[in-house]
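> Structure of the sequence below:
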Amino acid sequence: MVQERLQKLIAGSGICSRRQAETLLREGQVQVNGCVAQLGEQADPERDQISIAGQPLAPAPAPLTLLLHKPPGVLCTCHDPQGRPTVLDLLPDQWRRLAGLHPVGRLDAASRGALLLSNDGDLTLRLTHPRYGHRKTYRVWVGGHPSAATLHTWRQGVPLDGVASAPVDVRPLQHSRHATLLEVTMHEGRNRQIRRTADLLGHPVRDLLRVAIGSVALGQLAEGHWRRIDPSSLT
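So this is what the prediction gives:
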C-alpha cells in the first residue's frame, strides 16, 4: 500500500474527521513507529505502526455506501442530543455501529427522499464540495401557480443572504387547484435553498422530495428503506 497523509488514514479509520485528526497531530497525540508524528507526515498502515494516545490505530472498515429514502421528521445527523430520530436509526444494527458511517450532505427534517450515507471520506468530499457541482433533482409542490416570469427569475438563481445563487433548472410538471408540482435540478446545495427561494418568490413549499443524486435515482425505494450502491455510479 502506498503512503498516505496521517490525517487521511486517521479519518479513514472512523475515529474522527480529518480536521480533528489534524488537531490530534498538532497536540502530539499521534505516533508512528514509536515517534511523535508531525502534521503533514505520511505513513503506510501495512508497514508502519500508528497509534493515537497510545492506542493502535484500527484498520479502516470496508467501504460502504447506501442510498436511503429519508422520511420526513428524521434528522440528517448521526446523533441528536434531544433524542429525535436520525437517519442511522433506520439502519440495521451492524451498520449503525460501523465506524465512520455518516450522511453525505443533508435534507432538512421536513423534507424527504434520496440521501447517501457512507464511511468513505473521499466520496463525501467529492459529493459535497462546491467545485464538483454534482446534480441533485427534486420534485417540489409549491403553493399557487408560479408565472413564467417567476420561473425565469428562479432559473437565473435567486440571491440568498446577499450572495448570488447558481442557475437552477426549474420546470412545471403538474397543476392542482391551489398548487404546482415543479421539477428542480441544482448543482449547488445551500442551506434550505429551495424552501428559502420559494418563500422569496411567494410560492412556499408544501412538499419536497429529492428523487436523484447525480445519476442515482430513488426509483421505487420505499420511505425508510435503503439499498447499497456502487460509488462509481455517482456520475
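
> the bottom helix or strand of the protein by mean pLDDT?
The helix or strand of the chain with the poorest confidence is helix 121-128; it has a mean of 74 (mean pLDDT, DSSP states H and E).

> Tell me the first helix or strand C-terminal of that helix.
strand 136-143 (DSSP states H and E).

> what pLDDT, on average, does stretch 35-42 get?
For stretch 35-42, mean pLDDT is 90.

> How is the protein divided into domains?
4-56, 65-130+217-233, 135-213 (automatic domain parsing).

> Need the ones you listed in TSV (columns: mean neighbour count).
Backbone N, C-alpha and C define where each C-beta goes, glycine included. Formatted as TSV, those follow (neighbours: other C-beta atoms under 10 Å):
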stretch	mean neighbour count
domain 4-56	16
domain 65-130+217-233	16
domain 135-213	16
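
> Show me what the least confident helix or strand of the chain is packed against.
In terms of contacts (3 or more C-beta pairs under 8 Å, 6 or more residues apart in numbering; DSSP states H and E), helix 121-128 is packed against helix 6-12, strand 102-104.

> List the residues that contact residue 38.
residue 25 (C-beta atoms under 8 Å, 6 or more residues apart in numbering).

> does it sit in a helix, a strand or a coil?
Secondary structure, DSSP: H, G, I helix; E, B strand; the rest coil: residue 38 is coil.

> Distance check, it against residue 10.
14 Å (C-beta to C-beta, to the nearest Å).

> picking up where we left off before, chain center to the least confident helix or strand of the chain, what's the gap?
Here helix 121-128 shows a centroid-to-chain-centroid distance of 8 Å under the convention C-alpha atoms, centre = their mean, to the nearest Å.

> all helices for the chain, in order.
Along the chain, counting by DSSP state H, helices occupy 6-12, 18-26, 93-96, 121-128, 148-156, 193-200.

> Okay then, goodbye and thanks.
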